[in-house]
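In: predicted model, plus sequence, below.
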Amino acid sequence: MYDKWSLDVLYSGFDDPKFQSEFQQLDEFVEKFKNTVENLNSQDARTATKEALTLTEDFRKVFFRLVNYCSLRQNANTNDGESVSYLGRIIQKHNDIIPYSTAIEKYLSTLPNLDEVIGDDEMLQDYSFYLHELQKSAKYLLSEEVETALSAMDMSGGNAWSDLQGYLTSSVKVDYNGETTTLSAIRNMAYDADPEVRKSAYEAEIAAYDKIKDAICFSLNSIKMQDLTECKLRGHASPLDKVLFHSKMQRSTLDALLEAMKEYMPNFHSYLRAKAEALGHKNGLPWYDLFALMGKSDKKYTVEEAKAYLMNIFEKENPRLAKIVDRAFEENWIDFFPREGKVGGAFCAGLDSEKEFRVLTNYDGSMSDIVTLAHELGHGYHDFMTFDNRPLNMSYSMPVAETASTFNENIVVNYAIKNAADNDEKLALLEGQLSDVTQIICDIYSRFLFESKVVNNRSENFMFADELCSIMLDAQKEAYGDGLDHEALHPYMWVCKGHYYSAGLGFYNFPYAFGGLFARGLYAKFQQEGPAFLEKYNYMLKETPVRSVEDVAKICDIDLTSKEFWLMSLHSYDEAISQYKELVKN
């Protein structure tokens, strides 16, 4: 029954008259945007503002319906050339609108007496936060001509360098045991049960990066220089300041988060040392054993059993979530199994205008896959909470994007640990939990340190591959401390992580730590307050697109600028670390 998702709620195919009609509407939108821009100053401000917002709403619905359909088809089958072709044409039509949408944003962002324009108009009151944010952004907005030129040049600039990194890491041949394999395959061996396989795979991985490090170092240097140049043009003090601005997040919140992480990090180092000793290492854990599995949990779950497992938990914890999860399974919103041509990993895509979502996984029946399902369904639940907002009030910022997903993970993982069949299974579950949180604390901190140093250096110097490796090793030593063996680290983590390779999205690291610990703190409050907390939680999710992260947190009585909140979240792992250390002794 459960297998592939259905996209019929969007279109039945490319020959669907609805698809063809809406695809043609994109050309009509270009003319509509042009006319709207020409008439902006010939109407009173309120009328012009409402017409501009209504047009933008209408375009957004059609554009994202078309983009979602093409991209979801392509992710389910990367050999679907028709999807790639249509997606490229849709993006090009969108680019034709950019000069006019930029002109509209400029008009809205420079409206005098904005609060008077908004007045008692219901639509404009709904968009009050959106409009005020546009006004804050005004000083960073360039002319229509420059914005259009930057967007066009990015195709052969930042995007091209990013594509090069993606191409090289996906196509490089890895020599292993007399044969060749891919980076993704060799990296998966980090989870192998055989320690010799883990070590030899790590050595082969490191050797493979040597083949592509020079080309990718040019990618990284070029992307960071483009980001610095654009920040200078727009007036952002730094790439980090730009990210915080777009994240609607204060620097004091980031500082409190990082200080708490640094203070608590020795506890994760002690977990890593305990794991190292259990595996026979005396000087900390070598990188090649960082993801070694501990304990034993061989149980496999069918999709039907996975659904029953999740429903049993969610019906007790959050009945509203349970109903949405039930719909996702029964109405074919999930594409479950791996197959040739399907992308790896997992994601959730919100279908705003249809008030649904779609989840892609590569399910093989492990408990880890059930946790992944819970995570992605959490993203879908977050989307559901925003579906009653107006169309331009549905996009939330990067730091809060992982809130509901990680909240779900906490519910499911804690239930699984509590109900583990024996100590072997409990150890395996604790290992999974602590390994994941160590990644979002220690590894994310190392990535933040690395990117900060690279950005600071790039304004004056070009960094060759060996220097980038040295910066990465220094960052890992500081973040992992004595938890890892400093003679067996990973100098090429800057090569394989795609997060560094976006000119428009720098510092794509700290949001993972923010999301993980914010959700953990919310879960702690849920455990204290019980079902009554869910009303605040749901309202908070709904408000994420229309408030700063600090104001969102206040809905749940949380002060994000206080280090104490983040330490409370981190100390909730004390018991898990203690249990783990006790179990690995035996």
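Out: Thanks, I have it.

In: quick check on residue 579: phi, psi?
Out: Torsion angles at residue 579 (phi, psi; degrees, to the nearest 10) stand at phi -60, psi -40.

In: pretty sure it contacts residue 430?
Out: Yes: between residue 579 and residue 430 there is a contact under Cβ atoms under 8 Å: 6.0 Å. Every residue, glycine included, has its C-beta placed from N, CA and C.

In: tell me which of these two has more neighbours.
Out: residue 430 (25 against 16; other Cβ atoms under 10 Å).

In: who's in contact with the helix or strand of the chain with the lowest mean pLDDT?
Out: The helix or strand with the lowest mean pLDDT-type score in the chain, counting by mean pLDDT, DSSP states H and E, is helix 144-154 (a mean of 83). Helix 144-154 has contacts (Cβ atoms under 8 Å, 6 or more residues apart in numbering) with 95, 98-100, 102-103, 106, 141-142, 226, 230, 233, 503-504.

In: so which bits of it are buried?
Out: Buried residues in helix 144-154, counted by 16 or more other Cβ atoms under 10 Å: 144, 147, 148, 150, 154.

In: and the longest helix anywhere in the chain, how far from the chain's centre?
Out: The longest helix of the chain (DSSP state H) is helix 195-234. Between the centre of helix 195-234 and the centre of its chain there are 20 Å (Cα atoms, centre = their mean, to the nearest Å).

In: now the angle from it to helix 144-154?
Out: With axes from the mean of the first three to the mean of the last three Cα atoms, to 10 degrees applied, the angle from helix 195-234 to helix 144-154 works out at 160 degrees.

In: show me what helix 195-234 is packed against.
Out: Where contact means 3 or more Cβ pairs under 8 Å, 6 or more residues apart in numbering; DSSP states H and E, helix 195-234 is packed against helix 144-154, helix 158-171, strand 174-176, helix 183-188, helix 239-246, helix 444-458, helix 465-480, helix 493-496.

In: return the most buried member of the ones you listed.
Out: By mean neighbour count, with neighbours taken as mean count of other Cβ atoms under 10 Å, helix 493-496 ranks first of those at a mean of 23.

In: contacts for it, please.
Out: With Cβ under 8 Å, 6+ apart, helix 493-496 has contacts from 165, 169, 183, 187, 209, 212-213, 216, 220, 446-447, 450, 454, 468-469, 471-472, 476, 500.

In: okay, now residue 346: neighbour count?
Out: 18.

In: scratch that, residue 535
Out: 9.

In: how near is it to residue 409?
Out: 22 Å (Cβ to Cβ, to the nearest Å).

In: same check, this time on residue 552
Out: If you go by Cβ to Cβ, the gap between residue 552 and residue 409 works out to 20 Å.

In: what about these two, which has more around it?
Out: Legend: neighbour count by other Cβ under 10 Å for residue 552 and residue 409, higher for residue 552 (26 against 22).

In: distance to residue 365 for the buried residues of helix 144-154 - can I get that in CSV?
Out: Putting the buried residues of helix 144-154 into CSV (distance: Cβ to Cβ, whole Å) gives the following:
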residue, distance to residue 365
144, 53
147, 48
148, 49
150, 47
154, 42
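
In: wait, which of these is closest to residue 300?
Out: Of all the buried residues of helix 144-154, residue 300 sits closest to residue 154, with 45.0 Å by Cβ to Cβ.

In: which of the three states applies to residue 350?
Out: strand (DSSP: H, G, I helix; E, B strand; the rest coil).

In: once you drop chain neighbours, what's closest to it?
Out: Once flanking residues are discounted, residue 350 sits nearest to residue 383: 3.7 Å by Cβ to Cβ, 6 or more residues apart in numbering.

In: can you check residue 104 too?
Out: residue 52 is the one closest to residue 104 (Cβ to Cβ, 6+ apart), at 4.8 Å.

In: correct me, but that neighbour touches residue 40?
Out: Yes: judged on Cβ under 8 Å, residue 52 makes contact with residue 40 at a distance of 7.0 Å.

In: who touches both of those two?
Out: With Cβ under 8 Å, 6+ apart, residue 52 and residue 40 have common neighbours 104, 107.

In: quick one: which of these two has more around it?
Out: When neighbours are counted by other Cβ under 10 Å, residue 52 and residue 40 differ, and residue 52 comes out ahead with 23 against 18.

In: any idea how far the closest residue to residue 400 other than its chain neighbours is from residue 144?
Out: Using Cβ to Cβ, 6+ apart and skipping the chain neighbours, the partner closest in space to residue 400 is residue 544 (4.8 Å). To residue 144, residue 544 is 30 Å away according to Cβ to Cβ.

In: can you check residue 103 too?
Out: Separation of residue 103 from residue 144 (Cβ to Cβ): 5 Å.

In: tell me who's in contact with residue 511.
Out: 247, 398, 399, 401, 402.

In: is there a neighbour count for the first one? I'd like the number.
Out: I take that to be residue 247. 22.

In: that one and residue 141, how far apart?
Out: 18 Å.

In: same question, the fourth one
Out: Taken as Cβ to Cβ, the spacing of residue 401 relative to residue 141 amounts to 24 Å.

In: ok, back up a step: what's near enough to touch the residue nearest to residue 350?
Out: 348, 350, 352, 357, 394.

In: assess the claim that residue 368 and residue 432 are in contact.
Out: Yes: applying Cβ under 8 Å as the test, residue 368 and residue 432 come out as touching, 6.4 Å apart.

In: if you count surrounding residues, which of these two has more?
Out: Remark: of residue 368 and residue 432, residue 432 carries more neighbours, 21 against 16, as counted by other Cβ under 10 Å.

In: quick one: the more buried one from residue 31, how far?
Out: Taking Cβ to Cβ, one finds residue 432 at 54 Å from residue 31.
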